[in-house]
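Pasted the sequence and its predicted model underneath.
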Amino acid sequence: MTEVTGLRPSPVKWLGTLDDRAQKDLQAWLNRMPDSVRRAMNLPD
């Protein structure tokens, strides 16, 4: 049995699959996050 832990998709690969509208929607959603969450996720300001 194989155990997989702590893996997450590459942001570059994942973002590349989104169309322009989806990327704009995602950015708008990220912009609404509280600063503390953005810092915890290591997102740019």
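Nice, thanks for sending it over.

Residues contacting the helix ranked longest in the chain, please?
Under DSSP state H, the helix in the chain containing the largest number of residues is helix 20-31. Residues from elsewhere that reach helix 20-31 (C-beta atoms under 8 Å, 6 or more residues apart in numbering): Leu15, Leu18, Arg38, Leu43. Where C-beta positions appear, they are placed from N, C-alpha and C, glycine not excepted.

Dump the residues you listed into JSON lines; add neighbour count, secondary structure and pLDDT as well.
As requested, those are exported to JSON lines (neighbours: other C-beta atoms under 10 Å; DSSP: H, G, I helix; E, B strand; the rest coil; pLDDT from 0 to 100):
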{"residue": "Leu15", "neighbour count": "12", "secondary structure": "helix", "pLDDT": "72"}
{"residue": "Leu18", "neighbour count": "12", "secondary structure": "coil", "pLDDT": "85"}
{"residue": "Arg38", "neighbour count": "14", "secondary structure": "helix", "pLDDT": "79"}
{"residue": "Leu43", "neighbour count": "12", "secondary structure": "coil", "pLDDT": "70"}
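
and those as CSV, adding distance to Arg32?
Shown next, in CSV, are the contacts of helix 20-31 (distance: C-beta to C-beta, whole Å):
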residue, distance to Arg32
Leu15, 18
Leu18, 18
Arg38, 10
Leu43, 12
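
Need the CA coordinates for the longest helix of the chain. CSV is fine.
Taking Å, rounded to 0.1, in the frame of the first residue of the first chain, the C-alpha atoms of helix 20-31 are listed here in CSV:
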residue,chain,number,x,y,z
ASP,A,20,-9.0,34.0,-18.3
ARG,A,21,-12.4,34.3,-16.6
ALA,A,22,-11.6,31.6,-14.0
GLN,A,23,-8.2,33.2,-13.3
LYS,A,24,-9.9,36.6,-12.7
ASP,A,25,-12.5,35.0,-10.5
LEU,A,26,-9.8,33.2,-8.5
GLN,A,27,-7.8,36.4,-8.1
ALA,A,28,-10.9,38.3,-6.9
TRP,A,29,-11.6,35.5,-4.3
LEU,A,30,-7.9,35.6,-3.1
ASN,A,31,-8.1,39.4,-2.8
